[in-house]
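Undergrad: predicted model and sequence below, questions to follow.
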Amino acid sequence: MIFQRKSPKINVLLGEKSSVKGDITSEGTLLIQGWVTGNIEGEQVIIDKNAAIDGDILAARVSIAGRVIGQITGKEGVEIKSTGYVKGDITTPRLAMEEGAYFRGFCGMEEAATTDGLPDKIPPH
């Protein structure tokens, strides 16, 4: 994952042949390998390449290698892998897409929590 250098500790794992109808919430990292019809919320959400989500995702960091149909909010960043398929709007300060990724929707780039020395506002022309 582009946004995290060390391997995350998985708090919730939904296996490959599992499915959930309903919302999933966790304070930690969620690894989804199965199918979810409902919203997902957590600190970090990882959608594996065989996973399919029909619902919204809200997390600090989101990594998508599977299929997501819904709105995605990544407070720190969203990454779409080459096998990723996203149909829905994305709101995040950082968006990374690998070659081959599919994205259909709008992206609103919200200001990041830290600007790394950049000015807060762009001066008028």
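TA: Looks like it came in fine.
Undergrad: C-alpha from now on. contacts and neighbour counts both.
TA: Will do.
Undergrad: how close does residue 27 sit to residue 101?
TA: Note on residue 27: its distance to residue 101, by C-alpha to C-alpha, to the nearest Å, is 28 Å.
Undergrad: which one's more surrounded, the two?
TA: Between residue 27 and residue 101, counted using other C-alpha atoms under 10 Å, the more crowded position is residue 101 (18 against 12).
Undergrad: ok, the residue nearest to the more buried one when sequence neighbours are not counted - contacts?
TA: Closest residue to residue 101 apart from its sequence neighbours, by C-alpha to C-alpha, 6 or more residues apart in numbering: residue 82 at 4.3 Å. Listed by C-alpha atoms under 8 Å, 6 or more residues apart in numbering, the contact set of residue 82 reads 65, 97, 98, 99, 100, 101, 102.
Undergrad: what's the mean pLDDT across the one helix or strand residue 77 maps to?
TA: Using DSSP states H and E, residue 77 sits in strand 72-80. Regarding strand 72-80, the rounded mean pLDDT is 96.
Undergrad: paired strands for it, with orientation please.
TA: Here strand 72-80 has these sheet partners by DSSP bridges: strand 57-64 (parallel), strand 90-92 (parallel), strand 95-97 (parallel).
Undergrad: that concludes my questions; thank you for your assistance.
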